[in-house]
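Student: fold the following for me, if possible:
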Amino acid sequence: MTDRILPELSPDELLRYSRHFPLGEVGVEGQRRLKAARVLLVGMGGLGSPLGLYLAAAGVGTLGLVDDDTVDASNLQRQVLHGTGDVGRAKLDSARDRLSDVNPHVELILHSTRLDSSNAMEILGDYDIVVDGTDNFPTRYLVNDACVLLGIPYVYGSILRFDGQVALFAAKGGPCYRCLFRDPPPPGLVPNCAEGGVLGVLPGIVGSLQALEVVKWILGHGEPSIGKLHLLDALDLSLRTLTIERDPACPVCGDEPTVTELIDYEAFCGLDATAESSAVEGIGAAELARRLDAGEAMTIIDVREPHEWAIANLESRGARLVPLSRVLEVADELRASEGPIVLHCKAGGRSLQAAEALANIGIAGLLNLEGGILAWRDEVDPTLPRY
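Tutor: Numbering: from 1, shown residues only. Next comes the predicted model:
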């Protein structure tokens, strides 16, 4: 980007960005650098919303947007790119319309796909800097590894409940994400936002901090967060900073890297292995309803949290609430129960984890409700609320 010819600003752009010009670190030349920049945003959800809005408003010339999801009503509490009228639309379409309205001078390149090992190098290679706004480990490791291999910096952000993290990885001479987190956590250990919750304003704060890192990097002013991990606690509005050193033994950016091409990141994070190697049988919602209607004796255990049970539950079908963290406490009781033991959660992941934990201590007859209570709602009882 340093060798790129900087584009001129139109009269409309000179007026639009006029509040930047008194800033010596920006000025007209800095604004031209912003216009010349190409930034890729991965994910147009909670973090992608403030990222897209502020980078477009700041005048970043080209924004690449990656997403393959649609807008759901549960997104609207925090994903401010999208509105009520966008529910059911592709997030990329909603984002395009909103960002074009924010700044018609920004070129938007839409990548309507799920980023994976087969397309990441080609997509990321067209940009100067990448910002990850996703909430899953396979994509984080994929983006990190691709950025290291391509020599592109990567702005990392993470949110959960009331906590956020921001860092600049894969910059020249600095650490990468794997220097800090060499290996992913076991599947199910770290909840996602749907399971753990997230304060609606938090992604606005963290995403704005990510956007700030992007703008500073493009301008070449300020102190970039290379080798730093910023930890935000929204409850007491504190920001701590940890120093991260580049690991010479890092498998990706180390002195003798062993990862020289992209791998299967679903398998690396244990997601494929969990699904394929599980000894616990699944049962569909319609089949479970049929067997219950036929009078078959079953024990139904809901491993969600109490607030989820309060929204929707299968108590009328005999279900009882035993949160995942306490499921082993009722092992002896389950061992003595008659008939199959069906475990369920919201979508099937946590209940599979609970069933495998029980199977590992010798409890037999376990079934996992595939798709969880959401599948029950879709296939059996549409009167249940979604959440």
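
Student: list the contacts of the helix or strand hosting residue 64.
Tutor: Secondary-structure element containing residue 64, defined by DSSP states H and E: strand 62-66. Residues outside strand 62-66 that contact it (C-beta atoms under 8 Å, 6 or more residues apart in numbering): 37-44, 48, 52, 55-56, 92, 95-96, 99, 106-111, 113, 115, 123, 126-127. To be clear about C-beta, it is placed using only N, CA and C from the backbone, and glycine gets the same treatment.

Student: please repeat the previous calculation with a cut-off of 7 Å.
Tutor: 38-44, 52, 55-56, 92, 95, 99, 106-111, 113, 115, 123, 127 (C-beta atoms under 7 Å, 6 or more residues apart in numbering).

Student: put the buried members of those residues into a ChimeraX selection.
Tutor: Only the buried members of the contacts of strand 62-66 end up in this ChimeraX selection, burial being decided by 16 or more other C-beta atoms under 10 Å:
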select :38,39,40,41,42,43,44,52,55,56,92,95,99,106,108,110,111,115,123,127
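
Student: adjacent strands (with direction) for the strand holding residue 64?
Tutor: Paired strands of strand 62-66, with direction, are strand 38-42 (parallel), strand 107-111 (parallel) (DSSP bridges).

Student: helix or strand right after it?
Tutor: Elements were assigned by DSSP H and E; along the chain past strand 62-66, the next helix or strand is helix 91-102.

Student: next, the angle strand 107-111 makes with that following helix.
Tutor: Relative orientation of helix 91-102 versus strand 107-111 (axes from the mean of the first three to the mean of the last three C-alpha atoms, to 10 degrees): 180 degrees.

Student: so which elements touch helix 91-102?
Tutor: In this structure, helix 91-102 makes packing contacts with helix 48-58, strand 62-66, strand 107-111, judged by 3 or more C-beta pairs under 7 Å, 6 or more residues apart in numbering; DSSP states H and E.

Student: quick one: which of these is nearest residue 233?
Tutor: Counting by C-beta to C-beta, residue 233 lies closest to helix 48-58 out of these; the figure is 18.7 Å.

Student: run through who's touching that closest one.
Tutor: Outside helix 48-58, the residues touching it (C-beta under 7 Å, 6+ apart) are 34, 39, 41, 44, 63, 65, 79-81, 95, 99, 102-103, 106, 131, 133, 203-204, 207-208, 210-211, 214-215.

Student: and stretch 374-387, by the same measure?
Tutor: Applying C-beta under 7 Å, 6+ apart, the external contacts of stretch 374-387 come out as 74, 285-286, 289, 311-312, 314, 346-347, 373.

Student: among these, which ones are buried?
Tutor: Among those, those classed as buried by 16+ other C-beta under 10 Å are 285, 289, 312, 314, 346-347, 373.
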